[in-house]
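> model this:
(one chain, ligands or ions: 1)
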Amino acid sequence: MNYIWRKRAGMRWWRDRGESLGRRFGGSLAVIARPGSERVLLEICCKTEQQARELVVEFGGSIERLRRGWLQDFARRAQAKPVRIGSRLVILRAPEKEAALSQPNRARPLIIPAEAAFGTGEHATTAMCLRLLERITRPFQPGWTMLDAGTGSGILAIAGGYFGASRVLAIDNDPLACTTAKRNARTNGLRHIEFSTGDILKHKLAGKFDIITANLFSELLIETLPIWSRHLAPGAHLIFSGILRSQEAAVVRALRRNRFAASEIRRRGKWIACVVEAVHAPLPKRFGAQEVEPPGRFRSIAPA
Ligand SMILES: C[S@@+](CC[C@H](N)C(=O)[O-])C[C@H]1O[C@@H](n2cnc3c(N)ncnc32)[C@H](O)[C@@H]1O
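Residues are numbered from 1 along each chain as shown. Reported below is the predicted structural model:
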């Protein structure tokens, strides 16, 4: 990956094209929005100059050629601190950082180098999903199953493997993300995670899962809810994030339509993360699914 296409766009431009750009470019698209600003900065990583030029022809904007080794330079500069996830896990950028964890009975280190795929544990959405995954699976006996939809660096899938999942299926439509995720799983000594490149909307899923993680964006999440409801085992949990606070109400409405109940919502900065369960009670005949408040707790708690 040697070129970055960049464009500053007004909110209206972005609203009109955001969804289709998200679908076309997946994890290669970065959207940088500053609080109070009327504009967003869009960046798309391109493998070839030709690809970047085609974007300029289609949308305007400019191209930057990245120098060799830019990712390693960036990672060195970033000097990320370890990210602690409950008492069971700590995310590190490099194995040598393990030595810095001096206390006895320390959490198990999970090594995720800074690479092109999304998910090093520092982003609020990933960190919230990891903490929810850690807490929910604490009482689980080893042998449970997990689906990670939009795996990026594989961080949630690998964490699931650490927490005792016996079967983990991780899907991403970006081949580069899958390659990175496979490498990360190997680095961390986990060989039983199945990585698959493809669109989660089209993937032929088999069986049911005890946990589904989906750190995606709201439109895609809403579209995938009917799929998750077919593949969640009874009593299973869906953990999702990638949703902005401004999208929370629409997502909660979509959950109800699909007979899910939110049991917990976490908020951090502009992002929310949510744990939901399927509502299995039969609906009274005179009600349509959309009119019935699903039973179950709805707890909203402060950011971690
Ligand atoms: C925000 S990242 C999340 C990465 C990681 N799971 C985490 O929590 O840090 C979303 C990932 O979903 C992938 N993705 C987006 N649309 C997808 C689709 N329709 N099917 C499969 N993966 C998709 C992107 O390529 C990206 O790697």
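> Where does residue 20 fall, secondary structure wise?
helix 11-25 (DSSP states H and E).
> Can that helix be said to contact the ligand?
No - figure legend: helix 11-25 not in contact with the ligand (CB under 6 Å from any ligand atom); closest approach 6.7 Å. Just so you know, the C-beta spots here come from the backbone N, C-alpha and C atoms, and that holds for glycine as well.
> What helices and strands are in contact with whichever strand or helix holds residue 31?
Assessed by DSSP H and E, residue 31 sits inside strand 29-33. In this structure, strand 29-33 packs against helix 11-25, strand 39-46, with contacts taken as 3 or more CB pairs under 8 Å, 6 or more residues apart in numbering; DSSP states H and E.
> Go through whatever helix or strand comes next after the last one and flag the buried ones.
Downstream of strand 39-46, the first helix or strand assigned by DSSP H and E is helix 49-59. Neighbour-count burial for helix 49-59, counted by 16 or more other CB atoms under 10 Å, picks out 51-52, 55.
> Could you provide the helices and strands packed on strand 29-33 in TSV, with additional columns for mean pLDDT and mean neighbour count?
Output for these, formatted as TSV (pLDDT from 0 to 100; neighbours: other CB atoms under 10 Å):
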stretch	mean pLDDT	mean neighbour count
helix 11-25	87	14
strand 39-46	89	19
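> As a markdown table, these with distance to residue 221 would be great.
Output for these, formatted as a markdown table (distance: least, CB to CB, whole Å):
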| stretch | distance to residue 221 |
| --- | --- |
| helix 11-25 | 12 |
| strand 39-46 | 20 |
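> wait, which of these is closest to residue 205?
Closest approach to residue 205 among the helices and strands packed on strand 29-33 (CB to CB): helix 11-25, 19.5 Å.
> Give me the contacts around the closest one.
Here helix 11-25 makes contact (CB atoms under 8 Å, 6 or more residues apart in numbering) with 29, 31, 38-40, 42, 44, 59, 217, 219-220.
> for the residue in the stretch 151-300 of the chain positioned nearest to the ligand, what are its contacts?
Closest contact between the stretch 151-300 of the chain and the ligand, by CB to the nearest ligand atom, is at residue 152 (2.5 Å). By CB under 8 Å, 6+ apart, the residues touching residue 152 are 27, 117-119, 172, 177, 180-181, 215.
> from those residues, which two are the most distant?
180 and 215 (15.3 Å).
> Low-confidence ranges, the chain, go.
Residues of the chain meeting the criterion pLDDT under 70: 1, 35-36, 71-80, 95-106, 115-117, 280-304.
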